[in-house]
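Visitor: Output the structure for:
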Amino acid sequence: MTGRVPLTPEPLRVVLVDDQELVRSGLRRILRRRDGFEIVAECADGAEVPEALAAGQVDVVLMDLRMRDVDGITATERLRADPVAPPVLVLTTFDDDAMLSGALRAGAAGFVLKDSSADDLIRAVRTVAAGDGWLDPAVTARVLRGYRSAPSAAGNGGNGVPEVLTARELEVLRAMAAGLTNGEIAERLFISELTVKSHIGRIFTKLDLRDRAAAIVYAYDHGLVAPAAP
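Guide: As a prediction, this is how the structure comes out:
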């Protein structure tokens with residue numbers, strides 16, 4: 001009997017958006033095909049993103065914030081207006097809190113610092129591609145303060161308590177706010193990832209939240225998770 005040849009997983013298809021060639025070059029060296037990635041397009045400005053996405057399937061857009069013509073917030077907002085658009089992972093510097101909170105409101109799935117380790121960048125891209133959020137713990141508390149202080153911030157701010165949630169949903173919300181992925185939540189709570197996703201969907205519905213970032217803001221506002229020390 002002829003043995004089956006194991007199928008090689010398809011690489012994650014990534015679009016790089018940054019106005020500095022040096023930065024894009026560094027990203028290319030980290031997100032290598034042998035590590036499960038394929039750089040399918042590079043853009044030097046947010047205005048170039050729609051054309052890059054039209055060329056084929058994309059799993060993640062790695063987006064800089066500060067660009068000359070169309071910045072990362074505007075590009076993300078335009079992109080996320082399409083319900084089937086790929087998730088956006090923002091690439092930024094340590095002191096860009098205002099821009100980061102704007103990117104979260106625009107619909108970014110998360111952010112990773114430009115000086116993060118290669119391992120953290122790889123994990124962040126994989127996490128966002130899997131449908132989870134990634135908020136770098138080094139600046140999360142500061143960014144969320146800016147996010148929830150804006151008039152357009154999602155969720156119900158500091159009003160009320162999460163009485164509508166079951167005990168399990170509350171556990172899942174706390175785990176999300178602590179930065180755990182769906183897989184990590186499943187492992188911690190001894191449930192399947194599918195069950196985690198079901199809980200998250202019910203949390204969004206019950207609390208009238210738009211996305212994972214809004215859920216994390218809600219958890220911080222209601223004291224369900226303690227902010228990291230600055």
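Visitor: which helix of this structure spans the most residues?
Guide: Longest helix in the chain, counting residues (DSSP state H): helix 193-207.
Visitor: other SSEs contacting the helix or strand just after it?
Guide: Remark: after helix 193-207, the chain's next helix or strand is helix 212-221, criterion DSSP states H and E. Contact analysis of helix 212-221 by 3 or more C-beta pairs under 8 Å, 6 or more residues apart in numbering; DSSP states H and E lists helix 140-149, helix 167-177, helix 193-207 as its packing neighbours. Heads up, the C-betas are built off the backbone N, CA and C, glycines and all.
Visitor: weakest of these by average pLDDT?
Guide: Lowest mean pLDDT within the helices and strands packed on helix 212-221: helix 140-149, at a mean of 65.
Visitor: Can you give the contact residues for the strand or helix carrying Arg24?
Guide: Assigned by DSSP H and E, Arg24 belongs to helix 21-30. Contacts of helix 21-30 with the rest of the structure, by C-beta atoms under 8 Å, 6 or more residues apart in numbering, involve 16, 18, 39, 42, 44, 62, 64, 91, 114, 118, 121-122.
Visitor: which of those count as buried?
Guide: Using 16 or more other C-beta atoms under 10 Å as the burial test, the contacts of helix 21-30 include 16, 18, 39, 42, 44, 62, 64, 91, 114, 121-122 as buried.
Visitor: Which ones among those residues map onto strands?
Guide: 16, 39, 42, 62, 64, 91 (DSSP state E).
Visitor: Where does confidence bottom out across those residues?
Guide: Among those, Leu91 has the weakest pLDDT, 89.
Visitor: Would you quantify the distance from that one to Ala109?
Guide: 12 Å (C-beta to C-beta, to the nearest Å).
Visitor: Low-confidence regions, this structure specifically.
Guide: Residue ranges of the chain with pLDDT under 70: 1-8, 94-95, 141-142, 144-162, 226-230.
Visitor: Could you list the domains of it?
Guide: Domain ranges of the chain: 12-148, 154-221, per automatic domain parsing.
Visitor: Now render the helices and strands packed on helix 212-221 as TSV, adding distance to Ala98 and mean neighbour count.
Guide: Output for these, formatted as TSV (distance: least, C-beta to C-beta, whole Å; neighbours: other C-beta atoms under 10 Å):
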stretch	distance to Ala98	mean neighbour count
helix 140-149	6	19
helix 167-177	22	19
helix 193-207	26	17
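Visitor: Compute the distance between Arg68 and Ala98, please.
Guide: Distance of Arg68 to Ala98, given as C-beta to C-beta: 18 Å.
Visitor: who are the neighbours in contact with Val128?
Guide: Neighbours of Val128 in contact, by C-beta under 8 Å, 6+ apart: 60, 87, 89, 109-110, 134.
Visitor: which one of these has the most neighbours?
Guide: Ala109 (27 neighbours; other C-beta atoms under 10 Å).
Visitor: sorry, back to before: so which of the contacts of Val128 are in strands?
Guide: Per DSSP E, the subset of the contacts of Val128 in strands is 60, 89, 110, 134.
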